[in-house]
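[1] Predicted model and sequence follow; I will ask about them next.
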Amino acid sequence: MKINLVTVGTRMPSWVEEGIAEYSKRLPAEFALGVTEVPLGKRGKGLDIAQAMRKESDALLARVRPGDHVIALDVEGKTLSTEAMAKRVDAIRMEGHNIVLFVGGPDGLDAACLQRADEKWSLSALTLPHPLVRILVAEQIYRIWSILNAHPYHRA
């Protein structure tokens, strides 16, 4: 199974790239994590935020392949424990799907992305900075793999 974190925003600080690389290298090829960045829509004086979000949405949706299971990370999504998340990922894997995780820009995900999503998950009720979300997701994917493979990293 491949897991692709498709996220709005480019040019992350080196500590973000290093954090993702650290967890990604621990994963076997059959449970690979990839990160795909799409450009942030232009925002500013006189620019329409909805239009920027639609542009981001088009770019995110273009990264979805037929048969992908899409999970939108959204503050209003379902909150899962790590163990419950591992069970969901395992079920998706058993169905033969790859996973695409959407992370929106500063204004969240456009309605089109939320409608396309097969599931909506919330990582926290807190507002998290996008660079930190990337590392958090990478760590959780590694933790999920460790649970599914009885690896000692996760201590329940």
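    Yep, that arrived.
[2] which strand in the chain runs the most residues?
    Longest strand in the chain, counting residues (DSSP state E): strand 69-79.
[3] helices or strands up against the following helix or strand past that one?
    Going down the chain from strand 69-79, the next helix or strand is helix 82-94, by DSSP states H and E. Contact here means 3 or more CB pairs under 8 Å, 6 or more residues apart in numbering; DSSP states H and E; on that basis helix 82-94 packs against helix 130-148. All C-beta atoms are positioned from the backbone trio N, CA, C, and that covers glycine.
[4] List the contacts of the helix it packs on.
    3, 5, 7-9, 12-13, 15-16, 19-20, 22-24, 26-28, 31, 33, 35, 73, 82-83, 85-86, 89-90, 101, 103, 105-106, 123, 128, 151-154, 156 (CB atoms under 8 Å, 6 or more residues apart in numbering).
[5] do the same with stretch 9-20
    With CB under 8 Å, 6+ apart, stretch 9-20 has contacts from 33, 35, 37-40, 105, 130-131, 134-135, 138-139.
[6] tell me which of these is nearest to residue 50?
    Proximity of these to residue 50 (CB to CB) peaks at residue 105, which lies at 12.1 Å.
[7] Could you find the closest non-adjacent residue to the closest one?
    Excluding the flanking residues, the one nearest residue 105 by CB to CB, 6 or more residues apart in numbering is residue 8, at 3.8 Å.
[8] so that neighbour sits right up against residue 56, yeah?
    Yes. Counting by CB atoms under 8 Å, residue 8 does reach residue 56; the two are 4.9 Å apart.
[9] Common neighbours of these two, please.
    38, 39, 40, 41, 104, 105.
[10] Give me the pLDDT value at the residue nearest the centre of the chain.
    Closest residue to the average C-alpha location of the chain: residue 101 at 3.3 Å, with CA atoms, centre = their mean. For residue 101, the pLDDT comes out at 98.
[11] residues near residue 84, how many?
    11 (other CB atoms under 10 Å).
[12] OK, contacts around it?
    Residue 84 touches nothing, counting by CB under 8 Å, 6+ apart.
[13] measure it to residue 91 for me?
    Separation of residue 84 from residue 91 (CB to CB, to the nearest Å): 11 Å.
[14] one step back: I'd like to know which of the contacts of helix 130-148 are buried.
    By neighbour count, with 16 or more other CB atoms under 10 Å, those hold 3, 5, 7-9, 12, 16, 19-20, 23-24, 26-27, 31, 33, 35, 73, 85-86, 89, 101, 103, 105, 123, 154 as buried.
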